[in-house]
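Participant: no letters, just coordinates:
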């Protein structure tokens, strides 16, 4: 078989296959070709973005190396001071309690009276303000309340969450939420 005859036969086979595909097959073939082209363009764009990020990372690491190790090292004492500076002070308690109350309003939970206890430990520079709140609402609202409190008061830690339901068909829960808010001593 000669080369021109093979090309003619291949062209005839492709033409015959396209005729048999009809419009749905042609649309499918067009989508396959479009997807392949889009993939090539997307991959090329992602590679360019990756190269730009690598260049930026190399630039930043070289600038960091130029500053010298003496100025970039922070002493252990100043890191510890920065850590303790994160915590709100005891005079900020009313504002923190306001954030907790607003989280209750946002989540439409009933906040009954709570128990509040301020404790200082001898060799610990932070003060612990323990808040125990009875909360009423459905599960989603109680969970939303806890999440909002932990987001609004970053120095708060959830110590206990107790959920109780009177009967299985009742959506309302009686929950007990115990939080510890860590405060910097003044």
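Facilitator: Right, received. Where do you want to start? Only a predicted model underlies this, so the values are computations on that prediction, with no experimental measurement involved.

Participant: what's the mean pLDDT across stretch 116-126?
Facilitator: For stretch 116-126, the mean per-residue pLDDT is 88.

Participant: now do the strands in this protein.
Facilitator: 110-111, 115-120, 126-137, 156-164, 173-184 (DSSP state E).

Participant: mind putting the ones you listed into CSV with distance to residue 99?
Facilitator: Where you see a C-beta, it was placed from the backbone N, CA and C, and this is true even at glycine. Listed next are the strands of the chain as CSV, based on distance: least, Cβ to Cβ, whole Å:
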stretch, distance to residue 99
strand 110-111, 13
strand 115-120, 15
strand 126-137, 12
strand 156-164, 9
strand 173-184, 10
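
Participant: rebuild the ones you listed as CSV, extending it with distance to residue 19 and mean neighbour count.
Facilitator: Output for the strands of the chain, formatted as CSV (distance: least, Cβ to Cβ, whole Å; neighbours: other Cβ atoms under 10 Å):
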stretch, distance to residue 19, mean neighbour count
strand 110-111, 73, 15
strand 115-120, 83, 11
strand 126-137, 67, 18
strand 156-164, 68, 13
strand 173-184, 68, 19
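
Participant: quick one: closest of those to residue 26.
Facilitator: Nearest to residue 26 among the strands of the chain is strand 126-137; the distance by Cβ to Cβ comes to 58.4 Å.

Participant: direction included, what does that closest one pair up with?
Facilitator: strand 110-111 (antiparallel), strand 115-120 (antiparallel), strand 173-184 (antiparallel) (DSSP bridges).

Participant: how far off centre is the last one?
Facilitator: Looking back up the chat, that one is strand 173-184. With Cα atoms, centre = their mean, to the nearest Å as the basis, strand 173-184 stands 22 Å off its chain's centre.

Participant: with the shortest one instead?
Facilitator: Put simply, strand 110-111 sits 28 Å off its chain's centre (Cα atoms, centre = their mean).

Participant: coming back round to it: and the strands paired with strand 126-137: which comes nearest residue 85?
Facilitator: Here strand 173-184 is closest among the strands paired with strand 126-137 (Cβ to Cβ), at 7.4 Å.

Participant: what's the angle from that closest one to strand 156-164?
Facilitator: For strand 173-184 against strand 156-164, the angle by axes from the mean of the first three to the mean of the last three Cα atoms, to 10 degrees is 170 degrees.
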